[in-house]
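In: Below: sequence and its predicted model.
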Amino acid sequence: MKLISKVKTILLSLILLSPMANAENTLRILTWHGYADPDWIAEFEQKYHAKVELTYISSDDELWEKLNRKQQNTYDVFAVNTAELQRYIDHNLVAPIKITQIPNTKNQLPRFRKTEKILGLNRNGNLYAIPFTYSEMGLIYDKKQFKTAPVSMNDLWQTQFRGKIVLYDGSNHNFSLTALTLQANNPFKLSANEMKQTVDKLLQLRQQNPVFYTTPEQGTQAFIKNKAALMYANYGQQQVKLLQQTGADIGYIIPQEGVLAWLDCWAISNTTKNRKLAENWINYTLEKTVSQALSQRQGLSNTLSGSNLKDSDKILWLEPSENFTLRSQYWDRIRAGKARKNNQRQ
């Protein structure tokens with residue numbers, strides 16, 4: 001019996017090591033930096049006898065570009081915020097998820113277990129993503145250049161800071177935060193007139209000669225290299241932590257007009273070749289050790305423990321915008337310093 005057992009073990013090992021088995025047990029992850037650290041990958045590969053192929057993205061626009069290539073979308077699981085998720089559902093690029101296949105969701109805080117109450121996660125009775133991490137997008141400032149802490153995101157437009165602004169290079173969030181400073185009825189659903197006002201104000205911000213970044217690391221480098229006064233922190237506390245690690249004397253505020261906040265989730269691509277392995281990855285990232293490590297290393301809030309937000313903070317969770325494509329087209333022209341065409345319509 002011992003001999004038979006040994007033979008079975010050897011045969012199983014050979015099967016797992018074969019090229020075909022590896023191909024079938026490969027998980028292709030598309031995600032943001034900090035969401036799939038090397039030690040997590042190594043432990044996951046060992047636990048599930050799998051191989052992980054990891055691709056990083058640095059903006060929502062890049063994520064959309066990669067997943068919307070119908071003939072080239074080879075990813076199994078990806079990270080996406082709740083507002084962006086809607087267009088992936090619209091274009092049939094994401095598969096429904098059965099919560100019973102992600103047992104670690106039972107360890108999440110009540111607000112994240114009640115997925116039916118989170119705008120953007122469900123459609124027609126189906127759940128399309130599992131919450132993983134979240135952060136508000138506040139304002140980082142250099143304490144040496146401010147006698148008192150700023151209170152508004154409008155300080156980004158103060159001309160004395162021209163050339164000392166660090167700005168996230170992304171279309172959707174920049175439109176929403178600018179609309180928020182204009183007190184739009186809904187910064188995610190702009191009317192034609194609100195869109196015009198937002199474009200005009202973004203053009204004014206472009207005249208501030210900001211330095212653009214996409215990743216948290218790029219933002220940190222840009223802030224220090226350019227001796228910046230202000231930075232729009234698209235990654236929130238993650239960027240605060242990175243700058244503090246460099247010894248930068250910074251402060252961080254939630255603006256008085258409110259702050260945008262994102263909730264990043266794991267979703268499964270409808271082109272996945274290994275749904276079970278994708279489910280295992282999502283479940284793995286919700287283990288306490290992984291979620292706690294995420295917060296310790298990145299400064300981001302996880303869905304298993306408390307957050308840095310105060311009850312008095314005005315938080316606006318991201319929602320789908322009125323027109324993703326239009327915002328992207330406008331931003332490309334604003335980014336290049338070009339004026340808006342008067343005849344271009346929403």
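Out: Structure's in. What do you need? Numbering: from 1, shown residues only.
In: residues contacting Lys47?
Out: Tyr284 (Cβ atoms under 8 Å, 6 or more residues apart in numbering). Where you see a C-beta, it was placed from the backbone N, CA and C, and this is true even at glycine.
In: now it: how far from Trp40?
Out: Distance, Lys47 to Trp40, using Cβ to Cβ, to the nearest Å: 10 Å.
In: Spit out the residues that contact the two alike.
Out: By Cβ under 8 Å, 6+ apart, the residues touching both Lys47 and Trp40 are Tyr284.
In: residue ranges with poor pLDDT in the stretch 51-200 of the chain?
Out: The stretch 51-200 of the chain contains residues with pLDDT under 70 at 70-73.
In: just the strands in it please.
Out: Assigned strands in the stretch 51-200 of the chain, in chain order: 51-56, 77-81, 94-95, 122-123, 126-127, 130-136, 139-142, 165-168 (criterion: DSSP state E, counting those that start in this stretch).
In: strands paired with the fourth one, and their directions?
Out: Read it as strand 122-123. strand 126-127 (antiparallel) (DSSP bridges).
In: Could I get the average pLDDT for stretch 208-222?
Out: In this model, stretch 208-222 carries a mean pLDDT of 95.
In: End to end on that stretch, go ahead and measure it.
Out: One end of stretch 208-222 sits 15 Å from the other (Cα to Cα, to the nearest Å).
In: What of stretch 87-98?
Out: In stretch 87-98, first residue to last residue: 20 Å (Cα to Cα).
In: Mean neighbour count for the strands of the stretch 51-200 of the chain - can I get that in CSV?
Out: Output for the strands of the stretch 51-200 of the chain, formatted as CSV (neighbours: other Cβ atoms under 10 Å):
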stretch, mean neighbour count
strand 51-56, 14
strand 77-81, 25
strand 94-95, 22
strand 122-123, 15
strand 126-127, 15
strand 130-136, 24
strand 139-142, 22
strand 165-168, 24
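In: Could you export the ones you listed as CSV, including distance to Pro110?
Out: Shown next, in CSV, are the strands of the stretch 51-200 of the chain (distance: least, Cβ to Cβ, whole Å):
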stretch, distance to Pro110
strand 51-56, 31
strand 77-81, 21
strand 94-95, 25
strand 122-123, 17
strand 126-127, 16
strand 130-136, 12
strand 139-142, 30
strand 165-168, 31
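In: how about those strands, which one is nearest Thr181?
Out: Of all these, strand 139-142 sits nearest to Thr181, with 11.2 Å by Cβ to Cβ.
In: just how off-centre is the closest one within its chain?
Out: Here strand 139-142 is found 20 Å from its chain centre; the criterion is Cα atoms, centre = their mean, to the nearest Å.
In: For that strand, which strands pair with it and how are they oriented?
Out: Every partner of strand 139-142, by DSSP bridges, with its direction: strand 230-232 (antiparallel), strand 250-253 (antiparallel).
In: can I get those in a markdown table with mean pLDDT?
Out: Shown next, in a markdown table, are the strands paired with strand 139-142 (pLDDT from 0 to 100):
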| stretch | mean pLDDT |
| --- | --- |
| strand 230-232 | 98 |
| strand 250-253 | 96 |
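In: Tell me which residues touch Asn81, please.
Out: Contacts of Asn81 (Cβ under 8 Å, 6+ apart): 60, 262-265, 318.
In: Helices - which of the residues you listed land there?
Out: Asp60 (DSSP state H).
In: What is the nearest of the contacts of Asn81 to Phe223?
Out: Trp262 (20.4 Å).
In: residues contacting that closest one?
Out: 81-83, 134-135, 137, 317-318.
In: again, but for Ala79
Out: Listed by Cβ under 8 Å, 6+ apart, the contact set of Ala79 reads 30-32, 35, 132, 264-267.
In: What of Gln46?
Out: With Cβ under 8 Å, 6+ apart as the criterion, no residue contacts Gln46.
In: C-alpha coordinates for the strand or helix carrying it, CSV please?
Out: Assigned by DSSP states H and E, Gln46 belongs to helix 38-48. Output in CSV follows, covering the C-alpha atoms of helix 38-48 (Å, rounded to 0.1, in the frame of the first residue of the first chain):
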residue,chain,number,x,y,z
PRO,A,38,5.6,39.1,-4.4
ASP,A,39,5.3,37.2,-1.1
TRP,A,40,1.5,36.9,-1.6
ILE,A,41,2.0,35.6,-5.1
ALA,A,42,4.6,33.0,-3.9
GLU,A,43,2.4,31.8,-1.1
PHE,A,44,-0.6,31.6,-3.4
GLU,A,45,1.3,29.7,-6.1
GLN,A,46,2.5,27.2,-3.5
LYS,A,47,-0.9,26.7,-1.9
TYR,A,48,-2.7,26.1,-5.2
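In: angle of it against strand 51-56?
Out: Here the directions of helix 38-48 and strand 51-56 differ by 150 degrees (axes from the mean of the first three to the mean of the last three Cα atoms, to 10 degrees).
In: How about helix 38-48, which residues are buried there?
Out: Buried residues in helix 38-48, counted by 16 or more other Cβ atoms under 10 Å: 40-41, 44, 48.
In: mind putting those in CSV, distance to Lys189 included?
Out: Listed next are the buried residues of helix 38-48 as CSV, based on distance: Cβ to Cβ, whole Å:
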residue, distance to Lys189
Trp40, 37
Ile41, 39
Phe44, 39
Tyr48, 42
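In: Val290: which of the residues you listed is nearest?
Out: Using Cβ to Cβ, the buried residues of helix 38-48 come closest to Val290 at Trp40, 5.9 Å.
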